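Enquirer: need coordinates for the following:
(4 chains)
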There are 2 protein chains.
Amino acid sequence: MSRRPPATAELPQMQLVHLLRAVTVGLDLLGAGFANTHGLHPTDVRALIHLLDADRTGVAATPGWLGAQVGLNSASTTALIDRLERLGHVRRSRDPADRRRVLLSVDPSAVELGWMFFGPLIERMVTAMQAFTDDELDTARRFLQAMHGAVQVRPGSPAGTPTPVDSDPVPSP
Amino acid sequence: MSRRPPATAELPQMQLVHLLRAVTVGLDLLGAGFANTHGLHPTDVRALIHLLDADRTGVAATPGWLGAQVGLNSASTTALIDRLERLGHVRRSRDPADRRRVLLSVDPSAVELGWMFFGPLIERMVTAMQAFTDDELDTARRFLQAMHGAVQVRPGSPAGTPTPVDSDPVPSP
DNA sequence: TGATATTCTCTCGACGAACGAGATACTTGA
DNA sequence: TCAAGTATCTCGTTCGTCGAGAGAATATCA
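Expert: This next block holds a predicted model:
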């Protein structure tokens, strides 16, 4: 108890921290539920999200890149891609420019799966956003960008942190 | 592609959705990094967070409750608590009122661990919040609450969704 | 009171995701 | 051409998770 920093517990800022974390927990549970509804593992869902993101933003997805995104070993990444390929959600092809590399392309079935997950969620979110003015949404956007920055650790993240993410998943507007 | 809803891709709302998801991904990776730095598993970290929340808000934590929070089987929940108990972060004790139930109490070491994780993160977040006025922070709070509501699914969540959470992790202000 | 159903937790055996170490294929620079 | 570096994959092990079911305590009703 005495170790607890003095007055942070009641600051309105702490409400926001807890709230943000609650949203995160909710999204995680949502993803986990969607995963075992479709015979996937939570990691598979996360991987699919990253692959769809890459597809959407034109980033070239390779096993190494994907492993970095989801924080996985190379061995585990291979196994992950094997699973997704076996399910028909992803295809491997050699990069003609650098034939060491393998390029991952998402199948339409993966896109469809993505929309099955995100579609209703996005719908609920967008509906909820209708209660806000454009200015307020812009404030929320700036706020989330600030939080996104606070979450990205780059300095002395002690050993084993799988976060050397090079490409920002959210391209600045 | 033809399955993609018409014009959602470029709406400013979509920016917010992607941004929120990016923050979630960041927090997840942060948790995973913290986990294997301390010889824990991501699930253990999530469980500790819930246990600390319960401790903070005065909710009685039991194995069943914890399992529901993290979306785990009863067998897995037992194993999870075994791990945490072996590490000295949690203690089991019988509920004197209902002697079927086991009450979980967090050790000070767990609280310390929690602050090692959240301390720096909260600091960065609160610092980032200083760039916002009180009104703006209030807008952000309302926005996050709306998103939190959108994330909580209650109706026909198809089979296996582990989200029948009864107690709101974020007590309304 | 006694019998039955319900609730909560734990044990057992099996599966498979993730890891570490090392092998293989390709590219780049001297 | 050869060495060093990079990208991916293979092999064997560990351990978290699951399904099924047992045990203990409580609640319900005749």
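Enquirer: okay, CA-based contacts and neighbour counts for the rest of this
Expert: OK.
Enquirer: measure A:A110 to A:M125 for me?
Expert: Note on A:A110: its distance to A:M125, by C-alpha to C-alpha, to the nearest Å, is 22 Å.
Enquirer: swap in A:R100?
Expert: From A:R100 across to A:M125, the span is 42 Å (C-alpha to C-alpha).
Enquirer: give the buried residues for the helix or strand where A:P120 lies.
Expert: Secondary structure assigned from DSSP states H and E places A:P120 in helix A:108-129. For helix A:108-129, a neighbour-count test (16 or more other C-alpha atoms under 10 Å in any protein chain shown) marks A:110-113, A:115, A:117, A:121-122, A:124-126, A:128-129 as buried.
Enquirer: how about the strands in chain A?
Expert: A:90-94, A:102-106 (DSSP state E).
Enquirer: and among those strands, the most buried is which?
Expert: Most buried of the strands of chain A by mean neighbour count (mean count of other C-alpha atoms under 10 Å in any protein chain shown) is strand A:102-106; its value is a mean of 19.
Enquirer: contact partners for A:T77?
Expert: With contact set as C-alpha atoms under 8 Å, 6 or more residues apart in numbering or on different chains, A:T77 has these partners: A:63-64, A:66-67.
Enquirer: angles on the backbone of A:D95, please.
Expert: With angles defined as degrees, to the nearest 10, A:D95 sits at phi -70, psi 120.
Enquirer: was I right about it contacting A:L103?
Expert: Yes. Counting by C-alpha atoms under 8 Å, A:D95 does reach A:L103; the two are 5.8 Å apart.
Enquirer: picking up where we left off before, for the buried residues of helix A:108-129, point out the one with the lowest pLDDT.
Expert: Lowest pLDDT within these is found at A:F117 (84).
Enquirer: and the residue nearest to that residue when sequence neighbours are not counted, how many neighbours?
Expert: Excluding the flanking residues, the one nearest A:F117 by C-alpha to C-alpha, 6 or more residues apart in numbering or on different chains is A:F34, at 6.9 Å. Using other C-alpha atoms under 10 Å in any protein chain shown, A:F34 is surrounded by 24 other residues.
Enquirer: ok, A:F34 touching A:F118?
Expert: No. Under the criterion of C-alpha under 8 Å, A:F34 makes no contact with A:F118, lying 10.2 Å away.
Enquirer: residue of chain A nearest DNA strand D, please.
Expert: A:G64 (3.2 Å; C-alpha to the nearest atom of the strand).
Enquirer: end-to-end on stretch A:90-99?
Expert: 19 Å.
Enquirer: residues in contact with that stretch?
Expert: The contact list for stretch A:90-99, computed with C-alpha under 8 Å, 6+ apart, reads A:81, A:84-85, A:100-107, A:110.
Enquirer: max pairwise distance over the residues you listed: which two?
Expert: A:R100 and A:A110 (25.2 Å; C-alpha to C-alpha).
Enquirer: show me where pLDDT drops low in chain A?
Expert: Within chain A, the segments meeting pLDDT under 70 span A:1-10, A:153-173.
Enquirer: ok, back up a step: the residue of chain A closest to DNA strand D: neighbour count?
Expert: Neighbours of A:G64 under the rule other C-alpha under 10 Å: 16.
Enquirer: what comes up buried for whichever helix in chain A runs longest?
Expert: Longest helix in chain A by number of residues (criterion: DSSP state H): helix A:12-37. Residues A:13, A:15-36 are the ones in helix A:12-37 that count as buried (16+ other C-alpha under 10 Å).
Enquirer: what does stretch A:65-75 give?
Expert: Counting neighbours by 16+ other C-alpha under 10 Å, stretch A:65-75 gives A:65-72 as buried.
Enquirer: many thanks, we can stop here.
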